[in-house]
Every structure is written in structure tokens, then in C-alpha cells.
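Participant: Quick one: sequence plus predicted model below, questions after.
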Amino acid sequence: MSMRVFYRILSLYLGYFSVQIKADKTEVNIAEWGSADQSTLFGSWYAQNAVDRKSYTCTHTLSQSDPWWTLDLMKAYSVNRVTITNRLNCCGERINGTEIRVGNDSSDVLSNPVCAVVYDLPEGATYSYSCDGMEGRYVSANIPGTSKILTLCEVGVYVIFPGNLATGRNVTQSSTHDIWSAENAIDFNPGFTKSWSACSSTNDESNPWWRVDLNYIYRVSRVVIRNRLDCCPERINGAEIRIGNSLENNGNNNPICAVISSIPAGVSSTHVCNNMEGRYVNLFIPGDSKFVTLCEVEVYGEGPLLKKTFVKVKLQSSSSLSEPEMRVQLLSQLESALAQRGISDVRLQWTQPPKQEVMQKEAAPAQSARRKR
């Protein structure tokens with residue numbers, strides 16, 4: 001009896017793709033960084049109550065003409081949006097007609113440009129008003145007219161911070177003074193107010209250091225350091241910015257980008273690193289009886305720097321990676337698989353289209369049928 005031989009056809013696709021970290025943008029509520037004021041004060045309904053992240057504590061002016069509330073952010077920002085929370089227990093209609101303004105005029109905040117007008121906000125509700133990147137140091141709310149009362153139970157001012165590689169990374173320091181944790185240096189809060197909860201600091205010690213792990217190797221173009229405002233700005237003097245891939249001596253043996261001679265109190269200083277390659281960025285002060293105190297650290301650059309990644313994909317012949325749609329679908333599936341494993345900040349892209357190699361594998365011969373006796 002004849003013997004049938006079956007062949008299994010496999011399509012083997014070989015290709016290269018690159019892995020890139022997405023430059024995600026982070027939106028941060030910076031309202032509590034500022035100092036608030038209002039036109040008049042009713043009882044203990046202080047202006048700062050609107051930025052204490054407690055919706056049950058509110059501001060309250062007296063009944064007057066054109067009451068206002070203003071927030072000094074200490075420096076100009078591009079404001080993405082402003083949120084307003086109305087009071088819950090009564091008088092919700094009082095907020096109707098409130099103008100939200102953003103600008104840089106400190107002498108007359110009511111002359112700053114209008115971002116939005118609150119027409120109707122239910123009691124206890126929070127609404128968001130887009131300001132589309134309006135530039136300004138002062139954010140204010142005012143109600144035009146006579147016999148008006150302005151009450152705000154919470155105000156949020158949201159700013160987008162793009163491209164800072166230090167955002168959300170793992171940070172550590174040689175020691176921690178009280179609650180001045182290492183994470184405070186990458187919380188976006190520059191420490192204009194309450195530096196004890198917005199800045200990092202080591203103890204008084206020999207050779208103190210602070211380090212951020214970028215998780216991947218980057219070409220670092222610049223590092224921005226903000227010094228503390230309230231006191232002791234000279235403590236930053238002599239700090240070395242080191243960038244590299246080694247954790248020898250806690251990363252303090254990596255090459256030096258810059259040495260900080262001094263930074264005035266409350267000022268951000270930019271240090272150019274000329275695309276130094278490294279995973280770790282250290283702030284290190286050599287010597288005895290030193291502190292490393294940082295109110296904000298920003299790291300900018302390109303990357304991550306990855307070697308060519310070789311990907312071998314095996315599919316049945318009915319699926320063809322010669323079709324662009326299939327190649328896009330495959331990378332999308334890989335990104336989804338990585339996201340399910342907690343790796344959501346990557347983007348995959350083909351750098352060399354996959355080529356098809358057809359392989360034929362001979363199956364085992366079928367057993368011969370028994371001959372009939």
C-alpha cells in the first residue's frame with residue numbers, strides 16, 4: 001500500500017525593532033505651592049483654606065463690591081487648567097459669575113486675562129476649566145458687581161511638566177534628616193513654602209549624596225537643581241553632579257558633569273552635561289560636616305540607549321508579516337503584553353522590516369495499513 005507523507009509548512013520571520021521610552025507628560029496640581037490672599041476676611045475663612053486640599057475648609061469674603069481671591073505661585077507657569085470646588089452646605093449660587101484669571105500683573109490681578117467664567121456650579125461640585133497653557137504667576141478668582149460674597153472651598157492649578165527623566169524614578173540618599181526624604185526632590189514642588197515637606201536633605205555627615213536611578217541609560221543633556229529658599233543656600237556649594245552606569249562608591253565615582261559653585265536661595269540652576277551617558281545621576285558633596293539639601297532635581301536628555309534588539313517571530317504561513325498591517329499589529333500585541341507586566345512606558349518600532357524564511361519539515365511516515373489476510 002502506498003505511504004502518504006505530510007509536510008508542515010512554517011513561516012519564520014526575522015526582524016529588528018527598537019525600544020523607546022515614551023516622553024510622557026505629567027500634570028501636577030501646584031496650587032499648594034503658592035501663597036493665597038483675598039480682598040476681605042469673614043471670620044476664620046482664610047484665603048489659604050482654598051489650597052489645603054480639604055474641601056470642607058473654605059474661604060469667605062465679606063459682602064462687598066468686586067470681591068477677589070488670588071494665588072501667588074512665586075514664579076510664572078503655563079497653566080493647563082484650573083479646578084473650582086463650590087461650598088456644600090448652602091449658598092451655592094454665590095459663585096455664579098466668578099471670573100478665573102491668569103497673568104503676571106501683581107499690582108492689579110483683576111486686569112490679568114480671563115481664563116474662564118463660572119456660570120453655574122452645583123453645591124459641593126468640582127468643575128475643571130481649561131486655560132490652554134496661559135502664562136502667569138498669579139491665578140485669581142473674582143466676582144464683578146456690588147454686594148457680592150466670594151467663597152471657594154478648593155482651587156486646583158494644574159501645570160504640565162514634560163520630558164523630566166527623573167519623574168517617578170527610584171531615588172535614595174546617604175541618610176535622611178527627619179522627614180526630608182529623597183523623593184521630595186522629584187515631587188515637582190520647588191519648596192517655596194514648607195521646605196521641610198517639599199525638599200530632601202541628608203544629615204550632617206561626611207561625603208553625603210543623593211541619587212536617582214533613571215532605569216535605563218540616557219544621554220543626559222542638562223540637570224536642573226533648585227536650592228532651598230528659607231535658609232542655608234550655601235550648603236549646596238561644592239556639590240558635584242556625577243553621571244554614569246556604576247554603583248561603585250554608591251555611584252559617586254562616576255564622571256563629573258559639573259561642580260556647583262553656588263546657587264542663590266530659591267533659584268533653579270541649569271548645568272549642561274553635553275550628552276553624558278549614564279543610568280545614575282548623583283549629587284555628591286565631598287568633605288566633613290556637609291548636607292545635601294535639594295528642593296527639586298530635573299534631568300533632561302535623550303534615550304534610552306539600547307543595543308539593537310533581535311526578535312525572532314514564528315507564525316503559521318496563513319499570517320504574513322510582509323503586510324504592514326500585520327507588523328503594526330504584532331508590535332501592538334507586544335506592547336500590550338509588556339503593559340500587562342507593568343512595563344507601560346515603552347514604544348516598539350521596526351528598524352528593519354522582517355524577512356520571510358519558509359521551512360519545510362517532513363512529518364513522520366504514516367503506518368502502513370495491515371494487509372488483509
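Facilitator: That came through, no problem.

Participant: which residues of the chain score low on pLDDT?
Facilitator: Scanning the chain for pLDDT under 70 picks out 1-25, 306-321, 338-347, 350-373.

Participant: how does it divide up, domain by domain?
Facilitator: 7-17+312-362, 27-162, 165-302 (automatic domain parsing).

Participant: Make a markdown table from those and add mean neighbour count to it.
Facilitator: (Glycine included, C-beta is placed from N, CA and C.) Listed next are the domains of the chain as a markdown table, based on neighbours: other C-beta atoms under 10 Å:
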| stretch | mean neighbour count |
| --- | --- |
| domain 7-17+312-362 | 13 |
| domain 27-162 | 18 |
| domain 165-302 | 19 |
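
Participant: May I have whichever strand or helix holds Asn282 exported as CSV, CA atoms only?
Facilitator: For Asn282, the element it lies in under DSSP states H and E is strand 268-284. Output of strand 268-284 as CSV, limited to C-alpha atoms (Å, rounded to 0.1, in the frame of the first residue of the first chain):
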residue,chain,number,x,y,z
SER,A,268,17.0,76.9,39.9
SER,A,269,20.4,76.5,38.2
THR,A,270,20.9,74.6,34.9
HIS,A,271,24.0,72.6,34.4
VAL,A,272,24.9,71.4,30.9
CYS,A,273,26.2,67.8,30.7
ASN,A,274,26.9,67.6,26.9
ASN,A,275,25.0,64.3,26.4
MET,A,276,26.9,62.3,29.0
GLU,A,277,25.7,58.7,29.0
GLY,A,278,24.5,57.1,32.2
ARG,A,279,21.8,55.5,34.2
TYR,A,280,22.5,57.1,37.5
VAL,A,281,22.6,60.8,38.4
ASN,A,282,24.3,61.7,41.7
LEU,A,283,24.5,64.9,43.7
PHE,A,284,27.6,64.4,45.9
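
Participant: hmm, who's touching the helix or strand just after it?
Facilitator: Sequence order places strand 293-294 as the next helix or strand after strand 268-284, per DSSP H and E. For strand 293-294, the external contacting residues (C-beta atoms under 8 Å, 6 or more residues apart in numbering) are 180, 184-185, 199-202, 210, 225-228, 232, 235-236, 283.

Participant: rewinding a little: the strand holding Asn282 pairs with which strands?
Facilitator: Note on strand 268-284: by DSSP bridges, its sheet partners are strand 209-226 (antiparallel), strand 239-244 (antiparallel).

Participant: contacting residues for Val79?
Facilitator: With C-beta under 8 Å, 6+ apart, Val79 has these contacts: 102, 115, 131, 133-136, 139, 157-159.

Participant: next one: Glu183
Facilitator: 171, 200.

Participant: ok, back up a step: distance between the strand holding Asn282 and the chain's centre?
Facilitator: 18 Å (C-alpha atoms, centre = their mean, to the nearest Å).

Participant: For the closest residue in space to Ser261 that isn't next to it in sequence, grab phi and psi.
Facilitator: Using C-beta to C-beta, 6 or more residues apart in numbering and skipping residues adjacent in sequence, the residue nearest Ser261 is Asn237, 6.5 Å away. Backbone torsions of Asn237, given as degrees, to the nearest 10, read phi -60, psi 130.

Participant: next one: Gln173
Facilitator: The phi/psi pair for Gln173 (degrees, to the nearest 10) is phi -150, psi 160.

Participant: just the helices in the stretch 1-150 of the chain please.
Facilitator: For the stretch 1-150 of the chain, no helices are identified by DSSP state H, counting those that start in this stretch.

Participant: State the distance from Asp52 to Val117.
Facilitator: Separation of Asp52 from Val117 (C-beta to C-beta, to the nearest Å): 25 Å.

Participant: So which elements touch the one helix or strand Glu325 maps to?
Facilitator: Remark: Glu325 resides in helix 324-340, with elements defined by DSSP H and E. In terms of contacts (3 or more C-beta pairs under 8 Å, 6 or more residues apart in numbering; DSSP states H and E), helix 324-340 is packed against strand 346-362.

Participant: which residues does the closest residue to Tyr46 other than its chain neighbours contact?
Facilitator: Nearest residue to Tyr46, sequence neighbours excluded (C-beta to C-beta, 6+ apart): Thr59, at 6.7 Å. Going by C-beta under 8 Å, 6+ apart, Thr59 touches 36, 38, 45-47, 49-50, 69, 150-153.

Participant: Output those in CSV, with distance to Ser111 appended to each entry.
Facilitator: CSV is the format used below for the contacts of Thr59 (distance: C-beta to C-beta, whole Å):
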residue, distance to Ser111
Ala36, 19
Gln38, 17
Trp45, 26
Tyr46, 25
Ala47, 20
Asn49, 25
Ala50, 21
Trp69, 16
Leu150, 18
Thr151, 23
Leu152, 20
Cys153, 26
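
Participant: In strands, which of the residues you listed fall?
Facilitator: Among the contacts of Thr59, DSSP state E puts 36, 38, 69 in strands.

Participant: what's the closest of those residues to Tyr77?
Facilitator: Closest approach to Tyr77 among the ones in strands among the contacts of Thr59 (C-beta to C-beta): Ala36, at 15.6 Å.
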